[in-house]
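Trainee: Got a sequence here, can you model it:
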Amino acid sequence: MATIAVVGCLDTKGHEHAFLANAIRGLGHTPLLIDTGTTNSPQVTPDIGVTEICESFSEPNDRGSCVSEIAAAVGPFFRRLADNSRIDAVISLGGGGGTSIGTAAMRALPLGIPKVMVSTLASGNTAAYVGTSDIVMMPSIVDVAGLNRLSRSIFTAAAHAVCGMAEARQTRSAAASATDKPLIVASMFGNTTDCVRVATEILEAAGYEVLTFHATGTGGRTMESLIASGMVSGVLDITTTEIADEICGGVLSAGPTRLEAAGIADLPAIVVPGCVDMINFGPREQMPAALQSRRLYQHNDQVTLMRSTAEENRQIAVFIADKLNAYRKPPTVLLPLKGVSVVAEAGGPFHDAEADRVLFSTLEERLNPQIRLVKADLAINDPAFATLCATELKSLLQQAPSEQDE
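Mentor: Alright, predicted model coming up:
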């Protein structure tokens, strides 16, 4: 039996959420009805009221402010529910405000906890609601406003979906300890594919499972989210190109918190300045006029790469060093001196010895002495460099205490 949080604005959609809770109860699970309504006057009696979520809730006259206040409070509240094992899954029904609040609660939960959002907005651009989480967005088809033959069918299907997901998770969790391998996350780009592939093969042969994330902004944010979830044993961050986009205005930034999660989680980590020679933009004709004179490389019709300058490489190195210096468990930094990407190698369109020199020397100057810095006279995709990355991570993993020792 799973406890499934049924969260929503019970002042306007109480009867709909009560129907959903009854459907979950009929499937053999326990619903936990949670009110996030903006008036504190629910149509049905909740198990948890809005004032328990938002202690300073005072029903402001402006509904937008009220929704924002509750949305800010539900994340920490739901994280505490999960940390205390009070919920196994969550489901919500909503329009604009309800979807904003419901998905804010869901995004705060670890990956793997089932999350279903039945929404009037599910057929549009849901990026702002889903973020880097594993929320399932389900179109409500009709407005969440009353019970009728169509809404009852949709809500019943949603109840079956979240219950099935919760049951599958419980079954999977029961068997996981006997079959799951320690999990490693790796960052990759087209220009570092060979390196990550060889390193992955070595780590998998050593008994690890490797999940690879494409360093496209969303990929980096998702990887950081998974690291923060507590599911990861080690980090193989070979492709930190998103930092170049963050600093230089490219389109694939993962945000200013890139590289932070592994430090907060105290995980063994290998960090390489992979592909920081390139900043990503769309079609060349859409690039700002001020950048048209820079050294550019047409990756394809939709992607134009711009070579980072020596000064930009200094800023990138400062960013990386400042993040890594904050780690309590020192990571290992590997420098591929003959090229941080395929196109940055000697003879390649982005080869720039001075920019590379500034990158490497700034890292060497700014990194704390306890951080192991390895300078390899190799290109990033040389099999020997990939082997070095895997070997160094295995060494860090062997030094880390096992879960049984904690």
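Trainee: ranges for the strands of the stretch 51-200 of the chain?
Mentor: Here the stretch 51-200 of the chain has its strands, by DSSP state E, counting those that start in this stretch, at 89-94, 115-119, 136-139, 183-188.
Trainee: With the stretch 301-406 of the chain instead?
Mentor: 303-307, 332-336, 372-376.
Trainee: what would these look like in a markdown table with distance to Ile53?
Mentor: C-beta coordinates here come from the backbone N, C-alpha and C atoms, glycine included. Formatted as a markdown table, these follow (distance: least, C-beta to C-beta, whole Å):
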| stretch | distance to Ile53 |
| --- | --- |
| strand 303-307 | 43 |
| strand 332-336 | 42 |
| strand 372-376 | 45 |
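Trainee: among those, which is nearest Glu209?
Mentor: strand 332-336 (20.8 Å; C-beta to C-beta).
Trainee: Identify, by residue count, the longest helix of this protein.
Mentor: Identified as the longest helix of the chain according to DSSP state H is helix 149-179.
Trainee: Would you check the distance separating that one from the middle of the chain?
Mentor: The chain centre lies 23 Å from the centre of helix 149-179; the measure is C-alpha atoms, centre = their mean, to the nearest Å.
Trainee: for that helix, packing partners?
Mentor: Contact partners of helix 149-179 among helices and strands, from 3 or more C-beta pairs under 8 Å, 6 or more residues apart in numbering; DSSP states H and E: strand 3-8, helix 10-26, strand 89-94, strand 115-119, strand 136-139.
Trainee: Buried residues in it, which are they?
Mentor: Residues 151, 154-156, 158-159, 161-163, 165-167, 169 are the ones in helix 149-179 that count as buried (16 or more other C-beta atoms under 10 Å).
Trainee: Repeat that for stretch 41-57.
Mentor: By 16+ other C-beta under 10 Å, the buried positions in stretch 41-57 come out as Pro42, Gln43, Val44, Pro46, Ile48, Gly49, Val50, Ile53, Cys54, Phe57.
Trainee: Need the residues you listed in a markdown table (columns: pLDDT and distance to Ile279).
Mentor: Formatted as a markdown table, the buried residues of stretch 41-57 follow (pLDDT from 0 to 100; distance: C-beta to C-beta, whole Å):
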| residue | pLDDT | distance to Ile279 |
| --- | --- | --- |
| Pro42 | 93 | 51 |
| Gln43 | 95 | 53 |
| Val44 | 95 | 53 |
| Pro46 | 95 | 49 |
| Ile48 | 95 | 47 |
| Gly49 | 92 | 49 |
| Val50 | 90 | 45 |
| Ile53 | 92 | 42 |
| Cys54 | 84 | 41 |
| Phe57 | 63 | 44 |
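Trainee: any idea where the helices of the stretch 301-406 of the chain begin and end?
Mentor: For the stretch 301-406 of the chain, the helices defined by DSSP state H, counting those that start in this stretch cover 310-325, 353-366, 383-399.
Trainee: could you redo the ones you listed as TSV and give each row mean pLDDT, distance to Ala73 and mean neighbour count?
Mentor: Listed next are those as TSV, based on pLDDT from 0 to 100; distance: least, C-beta to C-beta, whole Å; neighbours: other C-beta atoms under 10 Å:
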stretch	mean pLDDT	distance to Ala73	mean neighbour count
helix 310-325	98	29	19
helix 353-366	98	39	17
helix 383-399	97	38	19
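Trainee: ok, the buried residues of stretch 41-57 vs Thr12, which is closest?
Mentor: Compare each of these with Thr12 using C-beta to C-beta and the shortest gap goes to Gln43, at 7.8 Å.
Trainee: Please identify the nearest residue in space to that closest one, excluding sequence neighbours.
Mentor: Among residues not flanking Gln43 along the chain, Gly14 sits closest, at 3.0 Å (C-beta to C-beta, 6 or more residues apart in numbering).
Trainee: I'd say that neighbour and Pro42 touch.
Mentor: Yes - under the criterion of C-beta atoms under 8 Å, Gly14 is in contact with Pro42, at a separation of 5.2 Å.
Trainee: Now do the shared contacts for these two.
Mentor: Asp35 (C-beta atoms under 8 Å, 6 or more residues apart in numbering).
Trainee: partners of Met278 in the sheet?
Mentor: Taking DSSP bridges as the rule, Met278 bridges to Arg307.
Trainee: That one and Arg295, how far apart?
Mentor: Distance of Met278 to Arg295, given as C-beta to C-beta, to the nearest Å: 10 Å.
Trainee: overlap in contacts of the two?
Mentor: Here Met278 and Arg295 have Met306, Arg307, Phe350 as joint contacts, going by C-beta under 8 Å, 6+ apart.
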